[in-house]
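Asker: Provided below for reference: sequence and predicted model.
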Amino acid sequence: MKLTDAERAAGTRGAVSRRAVMLGGASSAVLLLAACGQAAGQGDSGTGAAKKPATVQYWARYAGAIGEVEEKSIPFFKGKFPHITVEKTVITGSYDNLLEKVTTSFASGSPPDVFNIGSSGIATYAHPGNVLQLDTNARLKKEADDFFAPVNNIGKYKGKLYGMTWYVDSRMPIYRKDLLAEVGAPTDRKGLPKTWDQFREVTKRLAKWDGAQISRIGFDVPKNDAKLFMQLVSQQGKSIYNAEGTKATFEGAEGQKALQLIVDLVQRDRIDALQRPQLPNGIEPLATPFMAGRYGNSELIAAVKRSGMDPDQMLVSDFTPEFSGKPTAASYLGGTWQMAAKATKDVDAAVEWLAYTISPEMALAIAEATTTVPTRKSLDKAPYLQSTLLRPYYESLQYGSSVPALPRHREIETKLIEMVSDAVQQKKSVQQALTDAAANANGLLAAG
């Protein structure tokens, strides 16, 4: 992927920041954050009148590895902005619990100043006008220019930017190299399937059957998930909803082709099965002899490593196959975005903290901690992103697909998951499953 000099420069903030990005490697996280602390206030000399003390209430979605990166970052931020105190609260439990707490906080008039939210939640708070429009802020508008466009689009509601990417979940195929070699298929990225016909041919060979029982899954077909279905619709140049967000548009020929492909992979091509071998508990299936490929994010790499395997020797990844063979919707994008409440008591302080959390250095540190990829174009040359396994995930961001932010999408997606499951199990025909899901979606959209 070639970037212009202007693209590389976007989002970097001075020589210290650029040198820090080049360090790469998990051991550089603290140095990166230190550089981030220096760069976050670029142009703030620290001289002049003392600034009024401010407190930013920050609600975070994750503890664990991401939480550790954030905890280490707060002192660096405080060193640069001594007048700002960040009070971080980790919202434990399920994502529904996070949504409930954030929604209740807005209803009670006491929302956090900055908070994490999944992509489906962006419209939930942008629609009623609860959050700041970020692209009207010159500082954040400049930051946004450094993000890949498909990622920025997820943070928009009705064309306006309300969320900025903090952590991305990019899904596409990853395969076992040894099993590809076993069936005589190429094991390098260049030779992986580029079209769905090529994918069928290879994964059918990867699958093994003992009579009526599958003994090796050629590819783990998402049978209880709607993300591949939505990506397949996007690959045909069709949106899930109309431009106004008032009607579902997946019931037509594109939706039929997408859902039929998923059904055929299981029922006709038999690369996967409804009744499968008992997979060992606590072990990533790709690290077992029972699975040759999966549709997932790059965290699978870390999962294989935790199983005692060397993912670099064992795995190969590439864009999702397409009907045309040309990359249009190479991965499905989800993740977590940062938003700021419009009711924040100090907009400048909230913006400073939000800008810090989505900076290139923080993005890289979080990616290293989670074996994911940052969404910044300016990080193209970071050593971490030169991994042959991670690189396709990073490059796919410029072609990634998702769905427009709509307040009722999460409920609609629940029905889409049921639709895929019913069709794959042949409880309903492809057309009937689509018709039922579209009727449900249109009812929810009409209700507002």
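Answerer: Received, thanks.
Asker: Name the helix or strand of the chain that has the lowest mean pLDDT.
Answerer: Counting by mean pLDDT, DSSP states H and E, the chain has its least confident helix or strand at helix 15-21, which shows a mean of 33.
Asker: tell me the strands in this structure, going along the chain?
Answerer: Along the chain, counting by DSSP state E, strands occupy 54-60, 84-90, 114-118, 156-157, 160-161, 164-176, 208-210, 213-216, 293-296, 315-317, 332-340.
Asker: count of neighbours near A243?
Answerer: Other residues lying near A243 total 9 when counted by other Cβ atoms under 10 Å. Glycine gets a C-beta too; all of them are placed from N, C-alpha and C.
Asker: Was I right to think A367 contacts R376?
Answerer: No - at 9.6 Å, A367 and R376 do not qualify as touching, with contact defined as Cβ atoms under 8 Å.
Asker: Compare those two (neighbour count), which wins?
Answerer: More crowded of A367 and R376, by other Cβ under 10 Å: R376, with 31 against 26.
Asker: where's that one relative to M164, distance?
Answerer: 11 Å (Cβ to Cβ, to the nearest Å).
Asker: list residues touching both of the two?
Answerer: F147 (Cβ atoms under 8 Å, 6 or more residues apart in numbering).
Asker: Could I get the average pLDDT for stretch 389-398?
Answerer: The average pLDDT for stretch 389-398 rounds to 98.
Asker: Can you pull the domain assignment for the chain?
Answerer: 5-170+334-399, 171-331+405-447 (automatic domain parsing).
Asker: Go through those and find the least confident stretch.
Answerer: Ranked on mean pLDDT, the bottom entry among these is domain 5-170+334-399, at a mean of 85.
Asker: to the chain's geometric centre, what's the distance from that one?
Answerer: In terms of Cα atoms, centre = their mean, to the nearest Å, the centre of domain 5-170+334-399 is found 14 Å from the chain centre.
Asker: per-residue pLDDT, G448?
Answerer: 81.
Asker: Over to P404?
Answerer: Looking at P404, its pLDDT is 88.
Asker: Give me the number of neighbouring residues for it.
Answerer: Counted with other Cβ under 10 Å, residues neighbouring P404 total 20.
Asker: What of G282?
Answerer: By other Cβ under 10 Å, 7 other residues sit near G282.
Asker: Also D145?
Answerer: Residues lying near D145 (other Cβ under 10 Å) number 16.
Asker: I'd like the distance between it and E352.
Answerer: If you go by Cβ to Cβ, the gap between D145 and E352 works out to 19 Å.
Asker: W166 touches W337, doesn't it?
Answerer: Yes - between W166 and W337 a contact is recorded at 6.0 Å, counting by Cβ under 8 Å.
Asker: Quick one: residues contacting the residue nearest to A287 when sequence neighbours are not counted.
Answerer: Distances taken as Cβ to Cβ, 6 or more residues apart in numbering place S307 nearest to A287, at 3.6 Å, with adjacent residues excluded. Going by Cβ under 8 Å, 6+ apart, S307 touches 283-284, 287.
Asker: ok, of those, which one's closest to I358?
Answerer: Nearest to I358 among these is E284, at 29.5 Å by Cβ to Cβ.
Asker: List phi and psi for the closest residue in space to H127 that isn't next to it in sequence.
Answerer: Spatial nearest neighbour of H127, chain neighbours left out: P407 (4.9 Å); criterion: Cβ to Cβ, 6+ apart. Dihedral angles of P407 (phi, psi; degrees, to the nearest 10) stand at phi -60, psi -30.
Asker: give the contact list for T371.
Answerer: 298-299, 301-302, 390.
Asker: Now for the residues you listed, which sits with the most neighbours around it?
Answerer: That'd be S298 among the contacts of T371, by other Cβ under 10 Å, with 26 neighbours.
Asker: backbone phi and psi for that residue, please?
Answerer: S298 adopts backbone torsions of phi -70, psi -10, taken as degrees, to the nearest 10.
Asker: Could you give the number of residues near the nearest residue to it once chain neighbours are set aside?
Answerer: The spatially closest residue to S298, leaving aside those adjacent along the chain, is Y393, at 4.6 Å (Cβ to Cβ, 6+ apart). By other Cβ under 10 Å, the residues close to Y393 number 28.
Asker: what residues are up against Y393?
Answerer: Counting by Cβ under 8 Å, 6+ apart, Y393 has contacts 170, 172, 297-298, 317, 331, 372-373.
Asker: is the residue most central in space within the chain in a bridge, and if so with what?
Answerer: For the chain, the residue nearest the mean C-alpha position is D169 (2.2 Å; Cα atoms, centre = their mean). Beta bridges link D169 to G334, judged by DSSP bridges.
Asker: Distance check, V69 against A365.
Answerer: 5 Å.
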